[in-house]
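*Asks:* below is the sequence, then the predicted model.
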Amino acid sequence: MIIGVPKEVKADEYRIAMLPVGAQLLIQDGHAVLIEKDAGLGSGFSNDDYAAVGAEIMDSADELFRRADMVVKVKEPQAEEIGRLRAGQILFCYFHFASSRELTDRCLEKQIAAVAYETLTDEHGRLPLLTPMSEVAGKLSIQEGAKCLEKPMMGRGILLGGVPGVPPANVLVLGGGVVGTNAARVAAGLGANVTLMDINLDRLRHLDEIMPPNVTTVFCEPHAIERYAVLADLVVGSVLIPGALAPKLVSRGLVSRMKKGSVIVDVCIDQGGCCDTSRPTTHGDPVYVVDEVVHYCVTNMPGAVGRTSSYALCNATLAYCRELANLGLQGFLDKSPGRTAALNMQDGRITCPAVAAAFPDLG
């Protein structure tokens with residue numbers, strides 16, 4: 001199989017979907033690997049690093065897409081990339097189709113086989129290809145939220161952890177999954193007063209046992225969200241329904257009642273966001289203000305720390321990438337129900353139930 005790894009073209013995206021060692025192992029498996037010129041520079045990998053292991057460096061993205069049987073990316077294909085796709089081509093990356101009708105329509109028209117990192121599950125029902133980027137995004141959410149609380153960033157002018165004689169910030173984390181757990185742990189480590197919410201009582205019991213004393217677990221229901229959101233200096237949205245739109249937990253009315261200069265970091269913005277007032281932003285222009293509340297809604301947060309993120313992502317994706325190349329698409333899907341769940345569309349049809357539910361007219 002010919003595997004192509006293009007340079008990411010989404011705004012401020014510095015990750016690459018394959019490390020040099022991944023290219024080396026795929027070549028040892030008998031495949032050809034095409035790397036677009038300078039694709040790895042944002043993560044600290046040179047063209048020579050890839051050429052040294054036998055990968056072919058491509059000057060043209062057009063030629064790479066034309067030759068590749070499978071294209072391996074990080075983020076969803078951008079408009080210019082969709083034009084290069086062809087029927088039957090395998091595309092292995094993050095898609096988040098449910099949040100974009102345009103992306104879904106255009107990929108259906110191209111009749112690609114869309115294998116999505118975010119819906120692949122393992123034998124325990126976990127999301128192994130979403131987890132590493134969720135860990136990064138959870139930690140970054142507090143780092144960025146703390147920065148946004150500073151007055152030059154239009155925040156309240158609050159130090160997250162406070163100082164002796166001055167109380168720390170109140171942080172509300174919505175969702176106790178991988179993102180929420182990492183966010184709560186970092187916020188607590190900085191000394192903030194943290195409230196962590198989830199709807200799974202068993203998960204809350206577990207979190208209550210492992211979290212520091214300055215983290216309080218609370219069952220997530222509308223009255224509790226309202227009560228704690230109006231007290232919060234920083235709200236982190238970290239809820240997830242795999243493949244589907246994120247539920248809207250924070251209404252426009254509730255945002256208007258939050259403290260002036262408080263901050264919302266909506267980590268689930270790539271699945272539509274969990275706040276009514278959330279809309280996608282970029283690292284180049286990351287924040288906007290609604291009702292004097294600062295919103296940080298960058299859709300590719302881990303891209304800011306491209307080297308860390310590329311290592312973390314590729315450590316998780318490489319084994320599955322090799323399986324796809326070695327077994328072919330059908331052999332890969334037949335291996336387990338979790339791999340079948342990764343297929344979001346094929347031959348112009350949506351195959352993922354969560355995506356189909358988001359666009360019932362495309363069923």
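*Replies:* Arrived safely, thanks for sending.

*Asks:* which residues touch the worst-scoring helix or strand of the chain on mean pLDDT?
*Replies:* Least confident helix or strand, the chain: helix 353-358 with a mean of 94, by mean pLDDT, DSSP states H and E. Identification of contacts with helix 353-358 by C-beta atoms under 8 Å, 6 or more residues apart in numbering yields 97-98, 104, 119, 241-245, 344-345, 350, 362-363. All C-beta spots, glycine's among them, are computed from the backbone N, C-alpha and C.

*Asks:* run the last query once more with 7 Å
*Replies:* The contact list for helix 353-358 (C-beta atoms under 7 Å, 6 or more residues apart in numbering) reads Phe97, Ala98, Thr104, Ile241, Pro242, Gly243, Ala244, Leu245, Asn344, Ile350, Gly363.

*Asks:* also stretch 266-273?
*Replies:* 96, 98-99, 137, 141, 179, 236-240, 245-246, 274-275, 278, 280, 295, 297, 299, 301.

*Asks:* the same query, at a cut-off of 6 Å, please.
*Replies:* The contact list for stretch 266-273, computed with C-beta atoms under 6 Å, 6 or more residues apart in numbering, reads 96, 99, 137, 141, 179, 237-239, 245-246, 274-275, 278, 280, 297, 299.

*Asks:* nearest to Gly306, of the residues you listed?
*Replies:* Minimum distance to Gly306 across the contacts of stretch 266-273 is 13.5 Å, recorded for Ala137 (C-beta to C-beta).

*Asks:* please report how far that closest one lies from Glu81.
*Replies:* Distance of Ala137 to Glu81, given as C-beta to C-beta, to the nearest Å: 23 Å.

*Asks:* between those two, which one's more packed in?
*Replies:* Of the pair Ala137 and Glu81, Ala137 is the one with more neighbours under other C-beta atoms under 10 Å, namely 28 against 20.

*Asks:* just the pLDDT at Gly363, thanks.
*Replies:* As summarised for this prediction, Gly363 has a pLDDT of 67.

*Asks:* again, but for Pro242
*Replies:* The score at Pro242 is 88. That number is its pLDDT.

*Asks:* now it: closest residue in space, sequence neighbours ignored.
*Replies:* Of all residues not flanking Pro242 in the chain, Thr119 sits nearest, at 5.6 Å (C-beta to C-beta, 6 or more residues apart in numbering).

*Asks:* pull the number of nearby residues for the nearest residue to Asn200 once chain neighbours are set aside.
*Replies:* Spatial nearest neighbour of Asn200, excluding adjacent residues (C-beta to C-beta, 6+ apart): Gly176 at 7.1 Å. Gly176: 26 surrounding residues under other C-beta under 10 Å.

*Asks:* same question for Leu201.
*Replies:* Every residue meeting other C-beta under 10 Å relative to Leu201 is counted, giving 10.
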